[in-house]
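Q: Structure of the sequence below:
(2 chains)
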Amino acid sequence: MSNLFSGINARLRGTSNKQNSGKTPASPISEDGRVNSPRGLGQRSKSSSNLSAASVSSASLSSKLPPLPTSPALSQAIGNMASTGDEVLSSYRLPQPLPLWLNPVYAKHIVKGNFMTLSSRPKSVEQGEWVAHHVVEHYRNLWNFVHVIYAKESNGNNLCNATTCPRMSAGPNHSYTWLNKNGDRYERVELPAIEYIALMQRWISSKTDDDKIFPTDAAGVSFSHNPSIANTALLTNADEWIGKRSGFPKDFASICKTIFLQMFRVYAHLYWAHFVEPFYHLNLEKQLNSCFSHFVLTATALDMLKPQELEPMQPLIDLWAANGTFPPGSKAYEYANLKVGTRLLQMAGMA
Amino acid sequence: MDNQGNRLYLNFGSNNERLPANDRTYPTTPSTFPQPVFQGGQPAAAQGGAQQPQAYQQGGAAYQQGGYFQQPNAQYAAQYAAQVGNSQATDYAAAGQGYGGQARTTTPGGANNDPNTGLAHQFSHQNLGGAGRASPYNSGRAPQPAAAPGQRPRTADSRGQQPGYGSYANAPPLPTQNAQADYFAAAPERNPDKYGPNANNNQKKCSQLASDFFKDSVKRARERNQRQSEMEQKLAETTDARRRESVWATGGRREGSYLRFLRTKDKPENYNTVKIIGKGAFGEVKLVQKKADGKVYAMKSLIKTEMFKKDQLAHVRAERDILAESDSPWVVKLYTTFQDTNFLYMLMEFLPGGDLMTMLIKYEIFSEDITRFYIAEIVLAIEAVHKLGFIHRDIKPDNILLDRGGHVKLTDFGLSTGFHKLHDNNYYQQLLQGKSNKPRDNRNSIAIDQINLTVSNRSQINDWRRSRRLMAYSTVGTPDYIAPEIFTGHGYSFDCDWWSLGTIMFECLVGWPPFCAEDSHDTYRKIVNWRQSLYFPDDIQLGVEAENLIRSLICNSENRLGRGGAHEIKNHSFFRGVEFDSLRRIRAPFEPRLTSNIDTTYFPTDEIDQTDNATMLRAAQARAGAAAGTGSAAQQEESPEMSLPFIGYTFKRFDNNFR
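A: Presented below is the predicted three-dimensional model:
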């Protein structure tokens, strides 16, 4: 069922987001814009508008809410208590009329069926190995689309350029800045989307190509611990982390989370800024939808994306939960507000 | 934990709730796999592009047009309907049957010892699986097999009401088109031509890669699920703790290794060349050894520019597809394909026994018994290829390899036609010329443009192919073994491979192919006039049955044995007493004698220049570079697998390495 938090709480937690990004090892471009041996990456949502959104549309509610939510039961309870689909939808403060990608007619796919079959981990496979696999697959997928907006046209411009997209944004309420290391300090730099994306691409591939982070030696592969089968006291060790058994480093999970978050932002930018130009015109929106929905389903199932991080794309997630793209029982479905999704379907005359 | 518990753990029955979310497993039986949206892919997008905006802008009237309605029905029905009817695989015929009977199974656990256990889960999980069904808001809606357009655009036009939508008669008044236009930004008319050639080029890559991604992912997930069930089976068979632990650990490691292999880029530098064992116009075959683990493979490398020049793209694709799709003991195994700027690489199993040509050269003729063995094995091999939906078209002794035990495997599918669109040279020409995603061009090719995700699809596509392109027109191959109908250009079908079989059998018994001549021109002529030119020499005594079989194969297509299937040939009296089912398990008449796993005794390596193409190419490029005085100006901007015609070439099999 619904989850008001995913929409609204994310706004409330703009602050906590900030803290998190502050902690993320920052990364860095030098002033000429080149990457200096990136160690990490951090940027944040410029959440002033988010906060105001929360304060406008759900101030009373927000004050009552505990800061950390998302037990489904709790969010469901609140979701039921609270507003109609229309009310929640309006709390998203989306532009009117709604963007084309929220029109259920254009939220369709090139494949049907249960995508969870592709994201659920085979139970004997070690979690780190599974996460690594999906990082690489989704990265490849996403770049397939980025490639399209990178295309240089005869006038020498990319489809996405400093004029079309002077900032890395995902709609009016979200924009992202790059953390640039300047001496000991990190400073936020606002970059044209295309530059931001290029930097991020380099940063991500610097991680995935590093076999200390993504080991490639076939000999190092392990399997998942199964207490019902192996009695060996392998786990329950305080010093245990995702992927340890297979030779992934301690910070592997946090690196992967950052990668997923970054990829999510790129997807969000593609939707908010480029859905029509060029994907719709090039008849690629179904491909984009399929890849992105699979991405969300995977990233949430693997706990690589948190509900509040989905905010810029929340209404589409709501829609996909309502139209059956996200199967009930998946985290993505849990994080969605079905009322909003159903309302969107109604608006299109499809519910 | 007891077996039953484990099984349920794996099999996502009603016990799901006990599992942590990350261990939640979803049914991966055919019906719940993501499947292509009908009319999906390229033409879908193209058609939608042309028609949808129009429909919305002009209001209800547009919906009256049959053209609009047919498409959405096909599309939405396929997307949202329950998995029924023709979307079920023939290969999953069992699943299809089980469907009716088991659809209402609510206790999957009960079916766990059933070999069809996967099916039970498939059905018990309809609620999790299906798209539209899932939503509680849909609960009142019965799945509509043929037309359950969960999201069919609603209009005020009553013509749009599908049967079964009666329940919606009481629904609140529908928003009008205008209202909808108010809610959502208006969809502009699609204009794919508004961008330059680069964008259009990328459009094709993007669309192709996305399709390939899902196609590959689904195939891998399905195979993974299969292996998972096998592991469950093994776990269930024993209570021995150590054995169970080892089954579990081995299973996990294999899957993990495969995943690691998938995300690791392969490159020729990972292999040492032992010897060049074959050379041809488009590339070479080398015996190589993987540096990491010393495993031995045959690596075929094809020169991209040559493939391009000689119009071989479709053939490369055909070979890659057939090898990738087959898991048959009769077909040489393909482990992986990869590419770099200059070459396409196919890493295949190395068959140390050489080929039948070498054998024939060595022994000149075979006895009737030995001939019977090889011809019987070749029948099975050709049958296996045909079952995959391919016509080999180039069956000849050089393409019949002998494995470690002396048994037959087919190779060299470069000329095979599978009636796949991607194997059609015209397709590549269109792709390169860049006008193919116009709706009209595709109107007749909807069926084959979909992502070919499911076996059901393939059977449908094959049906479609059979009806529409049963006759493929083109002339290929080396002449001696080729059926006359291939030359004459009147179209040919699967039975052309049986002609080739006849000529090979003739050669085994007689010592030369029946239509051999001084030059290939004469050979062509003889083949076309086979009635006059087929001649059994008087001095060689052939058994009556052998001669009869040869004559039943080397004859006009209408009368040819095997036209109705391989069983016609197997039932011929020449094969009396042959147990086809166990043929591959008996000892072969000739077993290669080898001194090591890199023994190339059975290959004519002395006759082959051992300088490899990569070396020659580098030398040529260095000369060209020196001549032009420009360094690496033509630096490739993007990764080689992005070069359009070769997209989808890369392939990685879960294979013996991980089993």
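Q: hey, where'd the strands end up in the stretch 551-659 of chain B?
A: Remark: strands assigned in the stretch 551-659 of chain B by DSSP state E, counting those that start in this stretch are B:651-652.
Q: Contact residues of the stretch 251-351 of chain A facing chain B?
A: A:276, A:278, A:280-287, A:290-291, A:301-303, A:321-329, A:331, A:333, A:338, A:342, A:345-351 (CB under 8 Å from any CB of the partner chain). From N, CA and C alone the C-beta is placed, and that goes for glycine too.
Q: Out of those, which sit inside helices?
A: A:285-287, A:290-291, A:301, A:321-322, A:331, A:333, A:338, A:342, A:345-347 (DSSP state H).
Q: Confirm for me that A:Asn144 is in contact with B:Leu209.
A: Yes. At 4.7 Å, A:Asn144 and B:Leu209 qualify as touching, with contact defined as CB atoms under 8 Å.
Q: Touching both of the two, which residues are there?
A: Common neighbours of A:Asn144 and B:Leu209 (criterion: CB atoms under 8 Å, 6 or more residues apart in numbering or on different chains): none identified.
Q: related to what we said a few turns ago, any quick ChimeraX command for the buried ones out of the ones in helices among the residues of the stretch 251-351 of chain A next to chain B?
A: In ChimeraX, a selection of the buried entries from those looks like this (16 or more other CB atoms under 10 Å in any protein chain shown):
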select /A:285,286,287,290,291,301,321,322,331,333,338,342,345,346,347
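Q: Checking my notes, B:Tyr335 in a strand, right?
A: Yes. B:Tyr335: assigned to a strand according to DSSP: H, G, I helix; E, B strand; the rest coil.
Q: What score does it have for pLDDT?
A: Here the pLDDT value assigned to B:Tyr335 is 86.
Q: From chain A, how far out is it?
A: With the distance defined as CB to the nearest CB, to the nearest Å, B:Tyr335 ends up 14 Å from chain A.
Q: how deep is that residue tucked in, by neighbour count?
A: 24 (other CB atoms under 10 Å in any protein chain shown).
Q: does it really touch B:Glu349, like I thought?
A: Yes. B:Tyr335 is in contact with B:Glu349 according to CB under 8 Å; the separation is 7.2 Å.
Q: Mutual contacts of these two, please.
A: In contact with both B:Tyr335 and B:Glu349: B:Tyr297, using CB under 8 Å, 6+ apart.
Q: what stretches of the stretch 301-450 of chain B score poorly on pLDDT?
A: B:310-314, B:318, B:413-450 (pLDDT under 70).
Q: ranges for the helices of it?
A: For the stretch 301-450 of chain B, the helices defined by DSSP state H, counting those that start in this stretch cover B:304-309, B:313-325, B:356-363, B:368-387, B:425-433, B:439-442, B:446-449.
Q: now swap in chain A and tell me
A: A:4, A:10-12, A:14-23, A:48-64, A:72-81, A:85-91, A:116-119, A:127-150, A:193-208, A:252-274, A:285-301, A:314-322, A:331-334, A:338-347.
Q: Could you do the stretch 151-300 of chain B as well?
A: B:177-183, B:197-237, B:241-263.
Q: So which helix or strand of the chain has the lowest pLDDT on average?
A: Picking chain A for this. One helix or strand of chain A scores below all others by mean pLDDT, DSSP states H and E: helix A:4, with a mean of 28.
Q: looking at chain B here, not the other one
A: Per mean pLDDT, DSSP H and E, helix B:446-449 ranks last in chain B, at a mean of 26.
Q: B:Leu380: what's its closest spatial neighbour, skipping adjacent residues?
A: Leaving aside its sequence neighbours, B:Leu380 sits nearest to B:Trp330 (CB to CB, 6 or more residues apart in numbering or on different chains; 5.8 Å).
Q: Surely that neighbour touches B:Ala376?
A: No. The pair B:Trp330 / B:Ala376 is not scored as a contact, 11.6 Å apart, by CB under 8 Å.
Q: Please identify which residue in chain A comes closest to chain B.
A: For chain A and chain B, the shortest gap (CB to the nearest CB) falls at A:Phe223, measuring 2.2 Å.
Q: contacting residues for the residue lying closest to that residue once chain neighbours are set aside?
A: Excluding the flanking residues, the one nearest A:Phe223 by CB to CB, 6+ apart is B:Gly252, at 2.2 Å. Contacts for B:Gly252 (CB under 8 Å, 6+ apart) come out as A:124-126, A:222-224.
Q: Which pair in these has the greatest spatial separation?
A: A:Ser124 and A:Ser222 (10.2 Å; CB to CB).
Q: Of the two, which one has the most company?
A: Neighbour tally, A:Ser124 and A:Ser222, criterion other CB under 10 Å: the higher count belongs to A:Ser124, 25 against 20.
Q: so where is the stretch 251-351 of chain A shaky, pLDDT-wise?
A: A:351.
Q: and the nearest residue to A:Tyr196 once chain neighbours are set aside, bridged to which residues?
A: Distances taken as CB to CB, 6+ apart place A:Met168 nearest to A:Tyr196, at 3.9 Å, with adjacent residues excluded. On the basis of DSSP bridges, A:Met168 is bridged to A:Tyr176.
Q: residues touching A:Met168, list them.
A: A:Met168 touches A:43, A:175-178, A:190-193, A:196-197, A:265, A:269, counting by CB under 8 Å, 6+ apart.
Q: of those, the lowest pLDDT goes to which?
A: In terms of pLDDT, A:Gln43 ranks lowest among those, with 41.
Q: Next, count neighbours for the closest residue in space to B:Lys279 that isn't next to it in sequence.
A: Residue nearest to B:Lys279 in three dimensions, not counting chain neighbours: B:Ile608, with 5.6 Å by CB to CB, 6+ apart. Applying other CB under 10 Å, we find 15 other residues in the vicinity of B:Ile608.
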